[in-house]
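Visitor: I need the structure of the sequence given here:
(one chain, ligands or ions: 2)
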Amino acid sequence: MKVTLVNLDKSNMNPPLGLVSLATVLEKENYDIKIVDAGKNEKIDYASCDVLGVSFTTVNATEAFRIAKEAKQRNIITVAGGPHPTVMPEECQSLFDYVVCGEGEWVFPQLLRDIENGKKRENKVQGVHGDLHSLSTLNFDHVPNLTSYLKHRAEGLYCKKALSWMVTRGCYGSCAYCQPTLRLLFGKGMRMLSSDRIEHDLNLYKSKFGVEGIAFQDDTLTWTPLPWFRKFCGIMKKLDLVWSANCRIDTVDEEKLKLMHESNCKLVNFGIESGSEYVRREILKKGNFSNEQIIKTFKLCDELGLMPTGYFMLFVPNETKQTLQDTVNFIRTLSPYRIQISIFTPFPGTCAYEQVKDRIRVKDYSQWDYFQRCIYDPSPEFTAEEATRLYHEIKEQITLDVKFNMSYFLKRLRHVHSVKEFTHVFKTGLTLAKKKLH
Ligand code: B12
Ligand code: SF4
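Guide: Ligands and ions are numbered 1, 2, ... in the order given. Have a look, this model is predicted:
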């Protein structure tokens, strides 16, 4: 049976880790598997597939629905999976023959066998949060254009080839803009791969692809138990791989940050989201860490030689002029090595969506680009249109202010590890200087 798995993600950042995992499981069961990177304009060859599995997040749902209709006209069996079908199964059920909610590895092979044998199945299939050790090492040979993914990730880590990978599933957090989506996808709590398994897999990726760095995509790698985390860092040190990870301020301390630095971690990404402690704690349910704690943590990273990224979201539900100003001021004070500023977007399935769904103004999911437009009226003080306009103005100004100042440059230069990185910093500086003078 020929099974085509479709990736709709348009970014070049990460290979589709979920689909690679499914393909690795299915090849063991002797299915003829092909991953198509349709998000990057690769064509789906409908003539040569019996089952079409489409993986999608909310922003890609419109395109996924179009593909399902096209496949149906050719009598191909369609299966939907990924974050959007997991949280909005009803919306997908009329368009796809089957909708898999949550993790697919432990249920998809049986579904395919039943399809082959003509056995009747319910349209909705509940995934299983199985033991990660029952899964084989990911076979990245299934990824079309793996080289371009390896190159893209290498840029941020200033090495030649870097792979995106995950060693955990799940997160303990309760952030209003993320949960319960993650719990529905990966269950409560966290599951981790053992250190032996991590070492085995990384050795393989090193020898097979010449990988020099790993961009860990785990939601919160530093929320793992300390003994596990110590072993994990030990492996990264032993294998001499540079790496990056997503962390939360309240899950790191001096010991963990030192362990990370000593084991070649370069980039640490922190979701800060707002400069208002009230917004973070009460509206975003992000946890109870103070601005002072954030400043201390970023300073410590800087002293150790770790490069911290601060992620921020403007126009959160009930944003006021004051809380917006608090965020702008805080970004300036923090002046992080890297900043990402986006517009708050209430994705279906999250608590935030339930709170603001009546205020959503843009219905077409394909327009839900959180770097372009605000899709809802955030508060009585801002409409969606005003928020979009202000977002672009504020983002441009902060980027110039933060990046075009001497202390930022000195900080940035201290983290330069190679000629390539120096050239990059220098060029960015020149571009910003030109813009500022304009
Ligand atoms: C890495 C990542 C990214 C990367 C790359 C995404 C990619 N394709 O690899 C980047 C940075 C580009 C990205 C961007 C965005 N992301 Co993102 N991302 C993630 C993250 C952290 C990991 C994705 C991953 O590899 N997971 C691991 C694998 C194992 O899980 P999986 O892909 O879901 O696949 C499993 C199941 O879903 C299922 N499955 C998946 N597909 C299929 C298909 C079939 C046929 C079957 C049977 C089963 C099945 O089986 C798989 C194996 O168990 C997740 C959070 C998370 N922990 O998953 C968020 C997440 C997927 N992102 C999310 C969102 C919203 C986005 C953005 C819109 C903005 C944002 N908030 O980050 C953008 C836009 C992406 C786009 N253009 O589509 C949401 C999705 C929510 C939703 N309802 O859509 C998530 C869940 C985070 C969250 N809680 O907000 N993201
Ligand atoms: S810490 Fe990150 S992954 Fe965990 S619930 Fe919050 S936003 Fe989601």
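
Visitor: now the strands: where do they sit in the stretch 101-250 of the chain?
Guide: 124-126, 162-165, 168-169, 191-192, 213-216, 242-247 (DSSP state E, counting those that start in this stretch).

Visitor: Which residues of this protein lie near ligand 1?
Guide: Counting by CB under 6 Å from any ligand atom, the chain comes close to ligand 1 at 9-11, 13-14, 16-19, 21-22, 53, 55, 57-60, 79, 81-84, 87, 100, 103-105, 108, 166, 178, 181-182, 185, 217, 219, 347, 349, 370. Placement of C-beta: from N, CA and C, glycine included.

Visitor: make it 5 Å
Guide: 9, 11, 13-14, 16-18, 21, 53, 55, 57-60, 79, 81-84, 100, 103-104, 108, 178, 181-182, 217, 219, 347 (CB under 5 Å from any ligand atom).

Visitor: now Thr309, which residues is it bridged with?
Guide: According to DSSP bridges, the partner residues bridging Thr309 are Asn269, Arg338.

Visitor: which residues touch it?
Guide: 267-270, 336-340 (CB atoms under 8 Å, 6 or more residues apart in numbering).

Visitor: so where's the stretch 251-400 of the chain shaky on pLDDT?
Guide: Within the stretch 251-400 of the chain, no stretch has pLDDT under 70.

Visitor: Walk me through the domains of the protein.
Guide: What automatic domain parsing lists as the domains of the chain is 2-132, 147-403.

Visitor: can I get those in TSV with distance to Leu413?
Guide: Shown next, in TSV, are those (distance: least, CB to CB, whole Å):
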stretch	distance to Leu413
domain 2-132	26
domain 147-403	11
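
Visitor: So for ligand 2, which of those domains sits nearest?
Guide: domain 147-403 (2.8 Å; CB to the nearest ligand atom).

Visitor: Can you confirm whether that closest one lies near ligand 2?
Guide: Yes - judged by CB under 5 Å from any ligand atom, domain 147-403 comes into contact with ligand 2 at 171, 173, 175, 178, 219.

Visitor: how about the helices of the stretch 1-150 of the chain, start to end?
Guide: Taking DSSP state H, counting those that start in this stretch as the criterion, the stretch 1-150 of the chain carries its helices at 17-28, 61-73, 83-87, 89-93, 108-116, 146-157.

Visitor: Same check on the stretch 301-438 of the chain?
Guide: Using DSSP H, counting those that start in this stretch, helices in the stretch 301-438 of the chain cover 321-334, 351-356, 384-403, 406-414, 419-437.

Visitor: what's the model's confidence in the last one, averaged?
Guide: Helix 419-437 carries an average pLDDT of 72.

Visitor: Just the CA atoms of it, as PDB, please.
Guide: Output of helix 419-437 as PDB, limited to C-alpha atoms (Å, rounded to 0.1, in the frame of the first residue of the first chain):
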ATOM      1  CA  VAL A 419      34.700  35.200  11.200                       C
ATOM      2  CA  LYS A 420      31.300  34.200   9.600                       C
ATOM      3  CA  GLU A 421      29.500  35.400  12.700                       C
ATOM      4  CA  PHE A 422      31.500  38.600  12.900                       C
ATOM      5  CA  THR A 423      30.600  39.400   9.300                       C
ATOM      6  CA  HIS A 424      26.900  38.800  10.000                       C
ATOM      7  CA  VAL A 425      26.900  41.100  13.100                       C
ATOM      8  CA  PHE A 426      28.800  43.800  11.200                       C
ATOM      9  CA  LYS A 427      26.400  43.600   8.200                       C
ATOM     10  CA  THR A 428      23.300  43.800  10.400                       C
ATOM     11  CA  GLY A 429      24.800  46.800  12.200                       C
ATOM     12  CA  LEU A 430      25.400  48.600   8.900                       C
ATOM     13  CA  THR A 431      21.800  47.900   7.700                       C
ATOM     14  CA  LEU A 432      20.300  49.200  10.900                       C
ATOM     15  CA  ALA A 433      22.600  52.200  11.000                       C
ATOM     16  CA  LYS A 434      21.400  53.100   7.500                       C
ATOM     17  CA  LYS A 435      17.800  52.700   8.500                       C
ATOM     18  CA  LYS A 436      18.300  54.800  11.600                       C
ATOM     19  CA  LEU A 437      19.900  57.700   9.600                       C
END
